[in-house]
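Participant: only the shape, not the letters, is given here:
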């Protein structure tokens, strides 16, 4: 490669050497001719030395040697002034005229030389830009081709050759849509026509078939070249991506089937687990009535309490399974928030009194559209947790704020608090903060998950803040009106207008 490069340079030097010699001798001959003519005018005692023929060597020098032509202009200008003074009487008028003519020679030489230099620089810059863009085009990692207004390939880079499996000489003149799969060919032609008119999106997905018959997926982007009847097309091979997408789709389908199988299994399991609990609770109640000693009654009550606790856990798991299967529907009705809270507190008064907790309420008399039973379950879960995780003699507050379009509810306690790192996860299923109280309660971590789902189904939000050793605050919002009810009223209004 190095030898070829040296040979190419030597050939260039051999070719340019005669041209340089020709230019030099031509200019030298013209300059000598100008000097000879000037001497001729002196010998002929002419009063005016014409400088028009001086422009010939100056213009040629400016074209060939660019700005260096100024030196020839200086030489000829000084010579003109000298001979003008020599031929005529050295008056101020003659001297100024000679200076003017010499200045014109300088200006012409500089102007033409500057213009010629700029033209040379522009040509070199264009050549450099062409080489640079050709290198970028040729070594781009994306398949690129330049096509004419008919869609025929004029130029293609290496990546395009590899994509279609043909060399550049075999590609020129062929229509780029010849490599598009038959089912996409018509759409590809329509895409080209629309892109020329500027009406189609920049990129479109096509199936490509190379010379070996291999089917590929390409993302084609066609962009017209400004001030030209050509356009450049980039083809990004996304075959591997499409294959992975198909694999992922199949995997997702299998996972959905497995998830459905899991839900079906859990539903059956929960129902089967709940079936034996009813007779256990019933027989425990009967045994308590027949017990003769306090010790026997204590054992029977323990059996009944554990059975009811197990039933409660199973019911929660079953409810979450029904929510996942979208089997839970809201029974919307207008209900008083104060009555809902009071009913929830009433069911938990026994537990609160056992731990000597003080429960205070600050609830306005406001009505909302909601599923009354589910919102009561939300308050019951939050207040029950507050009672459970607050030491004896604690304080629990339930505050509801009317904010116009919705209500903001807060259940706070003076319990142990929750570490900050656990707060983002407490509403996840089966997530339990490991403390002595949680271990005693035997919680499965499902209550807050049900709270979150019920609030979400009503179009609200739920969150919590807490500080270890100072207690926790659980917030949730509920819109006063549900979307379904709004749509029904809107439909009634529209019907009334008609």
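Facilitator: Perfect, thanks for sending it. Predicted model, so just to flag it, every value in this text is computed and none were measured.
Participant: what helix or strand is residue 149 on?
Facilitator: Assessed by DSSP states H and E, residue 149 sits outside every helix and strand.
Participant: from residue 175, how far off is it?
Facilitator: Distance, residue 149 to residue 175, by CB to CB, to the nearest Å: 12 Å. Every C-beta, even on glycine, is put in place using the N, C-alpha and C of the backbone.
Participant: likewise for residue 278?
Facilitator: 77 Å.
Participant: just how off-centre is the host helix or strand of residue 323 within its chain?
Facilitator: Assigned by DSSP H and E, residue 323 falls within helix 294-324. What separates the centre of helix 294-324 from the centre of its chain is 50 Å, taken as CA atoms, centre = their mean, to the nearest Å.
Participant: one more: stretch 284-295?
Facilitator: Counting by CA atoms, centre = their mean, stretch 284-295 is centred 69 Å from the centre of its parent chain.
Participant: so that it lines up with my notes, have the first residue be 829 from now on.
Facilitator: Got it, first residue is 829 now, which makes that one stretch 1112-1123.
Participant: what distance separates the start and the end of it?
Facilitator: End-to-end distance of stretch 1112-1123: 14 Å, with CA to CA, to the nearest Å as the criterion.
Participant: okay, buried residues for that stretch please.
Facilitator: By 16 or more other CB atoms under 10 Å, the buried positions in stretch 1112-1123 come out as 1112, 1115-1116.
Participant: show me the contacts for the residue nearest to residue 1013 when sequence neighbours are not counted.
Facilitator: The shortest distance from residue 1013 to any residue other than its chain neighbours is 5.8 Å, reached at residue 1005 (CB to CB, 6 or more residues apart in numbering). Taking CB atoms under 8 Å, 6 or more residues apart in numbering, we find residue 1005 in contact with 979, 1013, 1016-1017, 1020.
Participant: if any of the residues you listed are buried, give me the ChimeraX selection for them.
Facilitator: Entered in ChimeraX, the line below selects the buried ones among the contacts of residue 1005, by 16+ other CB under 10 Å:
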select :979,1013,1016,1020
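Participant: inside helices: which ones of the contacts of residue 1005?
Facilitator: Secondary structure from DSSP state H places 1013, 1016-1017, 1020 of the contacts of residue 1005 in helices.
Participant: give the contact list for residue 1283.
Facilitator: 1206, 1289-1290, 1304-1306.
Participant: tell me the helix or strand right after the helix or strand harbouring residue 950.
Facilitator: For residue 950, the host element (DSSP H and E) is helix 920-967. Counting by DSSP H and E, the next helix or strand C-terminal to helix 920-967 is strand 971-975.
Participant: tell me the strands beside whichever helix or strand comes after that next one, with direction?
Facilitator: Next along the chain after strand 971-975, taking DSSP H and E as the criterion, comes strand 981-984. Paired with strand 981-984 in the same sheet, following DSSP bridges, are strand 971-975 (antiparallel).
Participant: can you tell me what sits against the strand it pairs with?
Facilitator: With contact meaning CB under 8 Å, 6+ apart, strand 971-975 is reached by 965, 981-985, 987-988, 990-991, 999, 1004, 1046, 1053, 1058-1065.
Participant: just the buried residues of those residues.
Facilitator: Among these, those classed as buried by 16+ other CB under 10 Å are 965, 981, 983-985, 987-988, 991, 999, 1004, 1046, 1059-1065.
Participant: list the ones among those residues that fall in strands.
Facilitator: Those of the buried ones among the contacts of strand 971-975 mapping onto strands are 981, 983-984, 1046, 1059-1065, per DSSP state E.
Participant: residue 1106 and residue 1003 - which one has more neighbours?
Facilitator: More neighbours surround residue 1003 than the other of residue 1106 and residue 1003, with 17 against 11 (other CB atoms under 10 Å).
Participant: look up phi and psi at the closest residue to the more buried one other than its chain neighbours.
Facilitator: Excluding its sequence neighbours, the residue lying closest to residue 1003 (CB to CB, 6+ apart) is residue 979, at 4.9 Å. Phi and psi for residue 979, reported as degrees, to the nearest 10, are phi 90, psi 10.
Participant: report pLDDT for residue 979.
Facilitator: The score at residue 979 is 81. That number is its pLDDT.
Participant: what's opposite the nearest residue to residue 996 once chain neighbours are set aside in the beta bridge?
Facilitator: Distance criterion CB to CB, 6+ apart; nearest residue to residue 996, sequence neighbours excluded, is residue 984 at 5.4 Å. Counting by DSSP bridges, residue 984 is bridged to residue 973.
Participant: before we move on, what about residue 1162?
Facilitator: With DSSP bridges as the rule, residue 1162 is bridged to residue 1197.
Participant: for it, grab the count of nearby residues.
Facilitator: Residue 1162, neighbours per other CB under 10 Å, totals 12.
Participant: who's in contact with residue 1237?
Facilitator: By CB under 8 Å, 6+ apart, the neighbours of residue 1237 are 1165, 1207, 1226-1229, 1303-1306.
Participant: 10 Å instead, please
Facilitator: When contacts are counted by CB atoms under 10 Å, 6 or more residues apart in numbering, residue 1237 touches 1165, 1169, 1191, 1203, 1206-1207, 1210, 1226-1229, 1283, 1288, 1290, 1302-1306.
Participant: from the buried residues of stretch 1112-1123, which land in helices?
Facilitator: Short answer: the buried residues of stretch 1112-1123 in helices (DSSP H) are 1112, 1115-1116.
Participant: would you turn those residues into a markdown table with distance to residue 1254?
Facilitator: Converted to a markdown table, these look like this (distance: CB to CB, whole Å):
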| residue | distance to residue 1254 |
| --- | --- |
| 1112 | 33 |
| 1115 | 39 |
| 1116 | 37 |
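Participant: which one of the residues you listed sits closest to residue 950?
Facilitator: Of all these, residue 1112 has the smallest distance to residue 950: 101.5 Å, by CB to CB.
Participant: mind checking pLDDT for the closest residue to the closest one other than its chain neighbours?
Facilitator: Nearest residue to residue 1112, sequence neighbours excluded (CB to CB, 6+ apart): residue 1132, at 3.9 Å. For residue 1132, the model assigns a pLDDT of 77.
Participant: how many residues are close by residue 1132?
Facilitator: Using other CB under 10 Å, residue 1132 is surrounded by 18 other residues.
Participant: residue 1248 now?
Facilitator: When neighbours are defined as other CB under 10 Å, residue 1248 has 11 of them.
Participant: brilliant, that's me finished.
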